[in-house]
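coords below, sequence missing:
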């Protein structure tokens, strides 16, 4: 079953604008991760935020995590046409070495030049 | 540095034919290995994962099987393909620590005709 659910399903913005994507999940987690997928390619890891962290930055990316609301957001600032891709959140539930990442259905981001 | 190789990139197979997809990882030892399937416009479904040689966990009942004959080799197989086996298959690895990201291969696009 899919744990994370992203919102919106699709997002279209102008280059230079900020893009905000949301993810909600249902059960307790060790961490939440965001991935990017260009069309027809494998996923690339963007950022990992642990359950005891509230905010994390990496370049133009900012991720927040609210464990009380079981939600996370990914903000891409000053978007570029090259940011056009699908973005997935994935939750890592407790399970030790056997823990598995569960992915949402993804958000399709289109950045218009 | 670590790399992951997955092949073939594309495959067209008739219904009832066998399948063998191979994935190898370089530059690390004792990785956790994963097979995911991605249907068109949908998220990733975990099919199998392995925490060591010969250790395979299946996530969903299906027409597929997996094997790990060597530490850094993961194989996805089927004796007789079904139309519903069509999809984008992704191999991934990570170190055993659950607070680590997944590293994906470039995927295999399988079309069963």
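Thanks, I have the structure now. Model, not experiment: these values are computed from the prediction.

what bridges to residue A:24?
residue A:5, residue A:71 (DSSP bridges).

Hmm, it is touching residue A:73, no?
No. With contacts counted by C-beta atoms under 8 Å, residue A:24 stays clear of residue A:73, the gap being 10.0 Å. For glycine as for every other residue, the C-beta is placed from the backbone atoms N, C-alpha and C.

For chain B, give me the ranges with low pLDDT.
Across chain B, the ranges flagged by pLDDT under 70 are B:61, B:97.

The residue most central in space within it: what's it in contact with?
What sits nearest the mean C-alpha location of chain B, by C-alpha atoms, centre = their mean, is residue B:35, with 3.0 Å. Counting by C-beta atoms under 8 Å, 6 or more residues apart in numbering or on different chains, residue B:35 touches B:23, B:46-49, B:66, B:74, B:76, B:89-91.

Can you sort out which of these also neighbour chain A?
B:46, B:49, B:90 (C-beta under 8 Å from any C-beta of the partner chain).

And for the second one, nearest residue in space, chain neighbours not counted?
If I follow you right, that is residue B:49. Leaving aside its sequence neighbours, residue B:49 sits nearest to residue B:34 (C-beta to C-beta, 6 or more residues apart in numbering or on different chains; 4.7 Å).

for the first one, same thing?
Computed as C-beta to C-beta, 6+ apart, the closest residue to residue B:46 that is not its neighbour in sequence is residue B:59, at 4.7 Å.

was I right about that neighbour contacting residue B:47?
Yes. Using C-beta under 8 Å, residue B:59 makes contact with residue B:47 at a distance of 6.0 Å.

With neighbour numbers in mind, choose between the two.
Set residue B:59 next to residue B:47 and count neighbours by other C-beta atoms under 10 Å in any protein chain shown: residue B:47 wins out with 20 against 15.

OK, contacts around the more buried one?
Counting by C-beta under 8 Å, 6+ apart, residue B:47 has contacts B:35-37, B:58-60, B:62, B:64, B:66, B:76.

now do 6 Å
B:35, B:37, B:59 (C-beta atoms under 6 Å, 6 or more residues apart in numbering or on different chains).

Next: residue A:94.
residue A:30.

same thing but 10 Å
Neighbouring residues of residue A:94 by C-beta atoms under 10 Å, 6 or more residues apart in numbering or on different chains: A:27-30, A:51, B:98.

Ok, residue B:75 next?
So residue B:75 contacts B:19-24, B:33, B:35, B:48, B:65-69, B:91 (C-beta under 10 Å, 6+ apart).

All the strands of chain A, residue numbers only.
For chain A, the strands defined by DSSP state E occupy A:5-7, A:10-14, A:19-24, A:31-37, A:43-50, A:55-58, A:61-66, A:71-76, A:85-92, A:101-103, A:107-112.
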